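**Q** How does the following fold in three dimensions:
(2 chains)
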Amino acid sequence: MTKRVSYPSDDTTVSNYAWTKSRSAYHYDSGKNDYRFDAVVGLGRFSGEWATAVETTINNSTPHSMPEKSIFKYDYERATGQVNNPHVTFNTCFKFEPQFQKMIDSFALDPVLARINVQLTGQTCFSHVDAVDLYHDGLLNNYDQNQQKQIFIMLTDYQSGHFLQMGNKIITHWRAGDFFTFAHGHVPHQTANASWYPRVMIQLTGIETAATERFLKLARYQKTVPI
Amino acid sequence: MNDIPIQRQSSPSNDPEVSNIAWCRDRSSYHFDVWDNDLRFDTVIGLGKFSGDWSTEVENAIEHSESRCLRDRNIGHRDGFPFVPPAIVKEEYDLLRAGAPADMQWFSYYLNMDGPFQRMVDYFGIGHAQPRINVQMPGQVAPTHIDKLDHQDVNWQELGRADQDNIIRVVIMLTPYQPGHFYQFGNYNLSHWQPGDFFEFAWQHVPHQTANASLYPRASLQITGLRTDKTREFLKWARYQKEITV
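**A** Now for the predicted structure:
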């Protein structure tokens, strides 16, 4: 059993947090502000009506627990002192309503891993840095890190208590349809929902293509991209 | 109430008969608009800063704190209330309606006021003081709520009779801020505190919420009670000291 400790481990052989930190360029100083990292990069805004589709998605979503791999469990058990607790970070849904499939297709990432994250009241996703090279048996492995994109498309409006933080920057006041990216391979990020409203977003991880670049250029200078 | 399954809904109830958040909202002057910024409410009021070393005591408090859910979070409820108070039934309704479990863990409590903590409490001279250390462990979440200090507990009836300006809740941070320590008052996200910072806020009006998504516990000392002349003198003095040694 891992003993509870009031700070995370530095041992890269047992701790996912330590391992991802060791290969990150982030400063890990809560008093600093690095514009490359303590930020998100806004990319554009979809417009349209998807309130019903969001409700369907929430109802179809199922709990997503921490990965069973011991390297993740170690950090959790060390921080909480709880063993074998199926901590739910958020719910996920892989069935995409037509509006959401259209949004996903707009980005033309290839290959792409898409999912919808529904964070319900009380769910928390601990500080972590994405290890995209471990996803799907290394599907996104042999690409330059600048080509590896992670894009969040917010599907519900911000509510107080929707906590979303990249590095030292707490992101607030988004509108449904806003989408952005960030340095996911370097920046520790964490989320929680302490509101009475679900927070729903599409998470895309994939490789940028020429069509992606064209879409992002279009999106940057449009007031909105209609769906 | 729990015999009938409560259907998850994507917004909180407006019915004060069944919902705690609706009941609290009814008696609050807060604007409840995420796009607004009211300087009375979307903020905390900094009061001062303690200095000293309480790292050993805080580690002990964290280690011995007990995890609490709604039903046993108030002092005394754990030790055999014969029934679940109606206010808690309403709070559990809000959780179930939001899709959260009724036994969700909000905080871990530690009630022993070890050396430096008792000295901090004594400085304030708060009447009918109810101090406790709130440890929010990684993964614990306190969803949006408004305090009902005047309704809190049978032991706190003095507070129920007091003017709201005379009921004080002071929060003293005991551990440094870490990213993932989420602490929000209305639309204001409090961050980057140092151990020893203390503040108050408009407890009866401002919805507030906290969560810990970091890998570090967050500990604070919360003192609730009645403002006395000693409290007023101390707060006036504290405001103009660089720090107060504990």
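
**Q** Tell me, please, where in chain A the pLDDT is lower than the cut-off.
**A** A:1, A:67-70 (pLDDT under 70).

**Q** cutoff 90 now
**A** A:1-2, A:65-73, A:82-88, A:131-146 (pLDDT under 90).

**Q** what comes up buried for stretch B:225-241?
**A** B:Gly225, B:Leu226, B:Arg227, B:Thr228, B:Thr231, B:Phe234, B:Leu235, B:Ala238 (16 or more other C-beta atoms under 10 Å in any protein chain shown). Quick note: C-beta positions are derived from backbone N, CA and C, even for glycine.

**Q** Pull the number of nearby residues for the residue nearest to the fourth one when sequence neighbours are not counted.
**A** The shortest distance from B:Thr228 to any non-neighbouring residue, by C-beta to C-beta, 6 or more residues apart in numbering or on different chains, is to B:Gly127 (4.9 Å). One way to gauge burial is a neighbour count; for B:Gly127, by other C-beta atoms under 10 Å in any protein chain shown, it gives 17.

**Q** if we can go back for a sec, okay if I get the buried residues of stretch B:225-241 as CSV plus secondary structure?
**A** Converted to CSV, the buried residues of stretch B:225-241 look like this (DSSP: H, G, I helix; E, B strand; the rest coil):
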residue, secondary structure
B:Gly225, strand
B:Leu226, strand
B:Arg227, coil
B:Thr228, coil
B:Thr231, helix
B:Phe234, helix
B:Leu235, helix
B:Ala238, helix
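
**Q** Which one of those residues is nearest to chain A?
**A** B:Ala238 (24.2 Å; C-beta to the nearest C-beta).

**Q** so that closest one sits right up against B:Ser51, yeah?
**A** No. With contact defined as C-beta atoms under 8 Å, B:Ala238 does not reach B:Ser51; the gap is 11.9 Å.

**Q** Geometric centre of chain A: which residue is closest?
**A** Central residue of chain A (C-alpha atoms, centre = their mean): A:Gln203, 6.0 Å from the mean position.

**Q** who's in contact with it?
**A** Applying C-beta atoms under 8 Å, 6 or more residues apart in numbering or on different chains, we find A:Gln203 in contact with A:Ala114, A:Arg115, A:Ile116, A:Asn117, A:Gln150, A:Ile151, A:Phe152.

**Q** next SSE after the helix or strand it falls within?
**A** Per DSSP states H and E, A:Gln203 falls inside strand A:199-207. Later in the chain than strand A:199-207, the nearest helix or strand by DSSP H and E is helix A:210-220.

**Q** mind listing what's buried in that following helix?
**A** For helix A:210-220, by 16+ other C-beta under 10 Å, it's A:Thr212, A:Phe215, A:Leu216, A:Ala219.

**Q** what sits up against the following helix or strand past it?
**A** Under the assignment DSSP H and E, the closest C-terminal helix or strand after helix A:210-220 is strand A:225-226. Strand A:225-226 has contacts (C-beta under 8 Å, 6+ apart) with A:Gly44, A:Arg45, A:Phe46, A:Ser47, A:Gly48, A:Ser106, A:Leu218, A:Ala219.

**Q** In those, find the pair that's most separated.
**A** The distance between the two most remote of these (C-beta to C-beta) is 16.1 Å, for A:Gly48 and A:Leu218.

**Q** Residues touching the lowest-mean-pLDDT helix or strand in chain B, excluding its own?
**A** None of the helices or strands of chain B scores lower by mean pLDDT, DSSP states H and E than helix B:157-161, at a mean of 77. By C-beta under 8 Å, 6+ apart, the surrounding residues in contact with helix B:157-161 are B:Gly127, B:His128, B:Leu149, B:Asp150, B:His151, B:Gln152, B:Ile167, B:Thr224, B:Gly225, B:Leu226.

**Q** do the same with stretch A:177-184
**A** By C-beta under 8 Å, 6+ apart, stretch A:177-184 touches A:26, A:36-37, A:39-48, A:129-130, A:132, A:149-155, A:166, A:189, A:205, A:219, A:224, A:227.

**Q** Just these: which are in strands?
**A** Residues of the contacts of stretch A:177-184 located in strands (DSSP state E): A:41-47, A:149-154, A:166, A:189, A:205.

**Q** and which of these is nearest A:Gln82?
**A** Among those, and counting by C-beta to C-beta, the member closest to A:Gln82 is A:His189, at 22.3 Å.

**Q** beta partners for the nearest residue to the closest one once chain neighbours are set aside?
**A** Nearest non-adjacent residue to A:His189, counting by C-beta to C-beta, 6+ apart: A:Met166, 4.8 Å away. Applying DSSP bridges to A:Met166 yields these beta-bridge partners: A:Lys169, A:His189.

**Q** Make sure A:Met166 is actually in contact with A:Val187.
**A** Yes. At 5.2 Å, A:Met166 counts as touching A:Val187 under the criterion of C-beta under 8 Å.

**Q** Give me the common contacts of these two.
**A** With C-beta under 8 Å, 6+ apart, A:Met166 and A:Val187 have common neighbours A:Phe37, A:Asp38.

**Q** tell me, what residue is most central in chain B?
**A** Note: chain B centre (C-alpha atoms, centre = their mean) maps to B:Gln222, 6.9 Å.

**Q** Quick check: pLDDT value at that one.
**A** According to the prediction, B:Gln222 has pLDDT 97.

**Q** How about the contacts made by it?
**A** Counting by C-beta under 8 Å, 6+ apart, B:Gln222 has contacts B:Pro131, B:Arg132, B:Ile133, B:Asn134, B:Arg169, B:Val170, B:Val171, B:Ile172.

**Q** repeat that with 10 Å
**A** B:Phe107, B:Tyr109, B:Gln130, B:Pro131, B:Arg132, B:Ile133, B:Asn134, B:Arg169, B:Val170, B:Val171, B:Ile172 (C-beta atoms under 10 Å, 6 or more residues apart in numbering or on different chains).

**Q** Now intersect those residues with the strands, please.
**A** Per DSSP E, the contacts of B:Gln222 map to strands at B:Phe107, B:Tyr109, B:Gln130, B:Pro131, B:Arg132, B:Ile133, B:Asn134, B:Arg169, B:Val170, B:Val171, B:Ile172.

**Q** So which residues of chain B form strands?
**A** B:45-51, B:66-68, B:107-110, B:127-136, B:141-145, B:167-173, B:181-185, B:188-189, B:197-200, B:208-212, B:218-226, B:244-245.
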